[in-house]
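# Below are the sequence and a predicted model; questions follow.
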Amino acid sequence: MPSRRTHTKSRLGCLQCKKRRVKCDEKGPRCGSCTKHNIACKYTGSSVNRLLLSRSVYSNNQPSLDTEERSSSGSSYVSPTSSYSQSPPSTGSSGRLSTTTPSSLRPLDILSNLIDRNPQFTSDLYMQDLDLMHHYSTQTYRTLSEATEIQEIWKTVIPKEALAHRFLMHGLLALSALHLIEINNGDKGPSRMMYMEIATRHQSLALSSFRPELNSITPLNCNALFAFSGFLSIFAFASSQCMGIEQGMAPVEEIVQAFSLLRGVYEILHMAWDWIEKGQLGPLLRQPGTSTTGAVSAEARAALDHLEEVNNDNRDSEAKEVCCAAIHKLRESFENFYSQCLQVRIAMAWPITVPPAYIILLKSRQPMALVILAHYCVILRWLERCWWLTGWSEKLVEEIYQSLDASWRPSIRWPVKIVGLVEKGISQ
């Protein structure tokens, strides 16, 4: 009489095979029997738990075999539960239990079963970019505003927007790289050069993707575009500070270029103001209340009054009117600056709100326009705690002083004093 065919009992089969009382080959995600009968195949427990109970853990370093291979080779499988019932823990000569258990043979072998060996998978971790994102989310965002509510937007809302808009993500990473350059200003070695290259690359990628988006502003991209315009205002000032002024470009020429960039983006985005104001970035748009002129120091008020008197002597009536409007906006900036915590935003608003003709006068280096710009530099000086504005006031006022003839230089006596050029030997 032929011997009875032996089989390995397993408790890992699918529910359908158990219900039909047939042996399951335990192949996933669909066993052979369920595939043959074209029915749903379900296992008890998660795939990870099933792997934890799989025979490979207890195979004593032998490669796991599927059911057919075990049957044909005559090898028998002892389940974890039966291994303990049939083979009790051994005792040494001292009578103590042996610490050698099936699970202690190669416990980490299970990790090999959890690895998908698909050769198409490649690593998508870019450590430099992760480093930049970490720096932004822990340090850089704090430097973008003095107000806690606004800081929270830069910390949480903007990075989430950046996940959906590549140009904003590149802008965020470029800003983080520039900040790292600035806080490590004493480092002139390879690390500085590396971050300069990273910042330049991300800026270029951001701008190339940003321009096409401006041709079609929608409720879906308006927040990202507006957030990036905020980065642009910082790029305009920070790039030369961190990476040096372009060869042959004077500070006045450079800031005129920055002003033109900010104004252009503002004009394009203005059509989306209602969408932005109703969204999560609304607090970035809401204007702070205007204070009274009494908040401005007596010294600042006297300097602005003198500025208006100098402009009144302007013989060019058209230029006189333009400069009068620019002085009026500058006075508003001083008043708001003294009374509000959103001082950086107030400072960045002035070049956007002045008449377009004033920017033209600056480009042509009209003396009165330069004198007004020198007074604006006082606000920049007071904001030098902002890393991207450090040094701007001094280099601008110094160039303006050198550009003006002797008859105009007394008109910028106050800015020369405030930015500290007196100590450098420039007389008032």
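In hand now; what should we look at? Keep in mind the model is a prediction, meaning the values are calculated, not measured. Numbering: from 1, shown residues only.

# quick one: secondary structure of residue 219?
coil (DSSP: H, G, I helix; E, B strand; the rest coil).

# pretty sure it is touching residue 275, no?
Yes. Counting by C-beta atoms under 8 Å, residue 219 touches residue 275, with 4.9 Å between them. The way it works is simple: take the backbone N, C-alpha and C, and place the C-beta from them, glycine included.

# Settle it for me: which of the two has more neighbours?
Ranked by neighbour count (other C-beta atoms under 10 Å), residue 219 and residue 275 place residue 275 first, with 19 against 12.

# Would it be right to say that that one lies in a helix?
Yes. Counting by three-state DSSP, residue 275 falls inside a helix.

# Quick one: residues contacting the residue nearest in space to the middle of the chain.
Among the residues of the chain, the one closest to the centroid is residue 172, at 3.5 Å (C-alpha atoms, centre = their mean). By C-beta atoms under 8 Å, 6 or more residues apart in numbering, the contact set of residue 172 is 132-133, 136, 158-159, 162, 231.

# now the helix or strand it falls within: how far from the chain's centre is it?
If you go by DSSP states H and E, residue 172 is part of helix 166-183. Here helix 166-183 is found 7 Å from its chain centre; the criterion is C-alpha atoms, centre = their mean, to the nearest Å.

# next SSE after that helix?
Next element after helix 166-183 (DSSP H and E): helix 190-213.

# Which among the contacts of residue 172 count as buried?
For the contacts of residue 172, a burial check counting by 16 or more other C-beta atoms under 10 Å picks out 132-133, 136, 158-159, 162, 231.

# what's next to stretch 318-334, contact-wise?
By C-beta under 8 Å, 6+ apart, stretch 318-334 touches 290, 293, 296, 300, 304, 307-308, 311-312, 314, 346-347, 349-350, 353-355, 357-358, 361, 366, 368-369, 372, 375-376, 379.

# likewise stretch 359-377?
252, 255-256, 259-260, 263, 303-304, 307, 310-311, 314, 319-320, 322-323, 326-327, 330, 333, 350-351, 358, 392-393, 396-397, 400-401, 403-405, 408, 411-412, 414-416, 419.

# And the buried ones among the residues you listed, selectable in PyMOL?
Only the buried members of the contacts of stretch 359-377 end up in this PyMOL selection, burial being decided by 16+ other C-beta under 10 Å:
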select buried, resi 252+255+256+259+260+263+303+304+307+310+311+314+319+322+323+326+327+330+333+350+351+358+392+393+396+397+400+401+404+408+411+412+414+415+416+419
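
# ok, back up a step: take the buried ones among the contacts of residue 172 and write them to CSV, including secondary structure.
Conversion of those to CSV gives the following (three-state DSSP):
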residue, secondary structure
132, helix
133, helix
136, helix
158, helix
159, helix
162, helix
231, helix
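
# And the residues you listed, which is closest to residue 198?
Residue 198 has its nearest neighbour among the buried ones among the contacts of residue 172 in residue 132, at 7.3 Å by C-beta to C-beta.

# For the strand or helix carrying residue 253, what is the distance to the chain centroid?
In this structure, residue 253 sits in helix 251-269 according to DSSP H and E. Put simply, helix 251-269 sits 23 Å off its chain's centre (C-alpha atoms, centre = their mean).

# Quick one: residues in contact with stretch 180-200.
Residues contacting stretch 180-200 (C-beta under 8 Å, 6+ apart): 128, 132, 135, 139, 173-174, 177-178, 238-239, 241-243, 387-388, 390.

# ok, residue 132 to residue 206 distance?
From residue 132 across to residue 206, the span is 13 Å (C-beta to C-beta, to the nearest Å).

# quick one on the thing from earlier: model confidence at the residue nearest to the centre of the chain, what's the number?
The predicted structure scores residue 172 at 97 on the pLDDT scale.

# any low-confidence regions in the stretch 51-200 of the chain?
By pLDDT under 70, the weakly predicted segments of the stretch 51-200 of the chain are 51-125, 186-188.

# how about 80 then?
In the predicted model of the stretch 51-200 of the chain, residues 51-125, 146, 185-189 satisfy pLDDT under 80.
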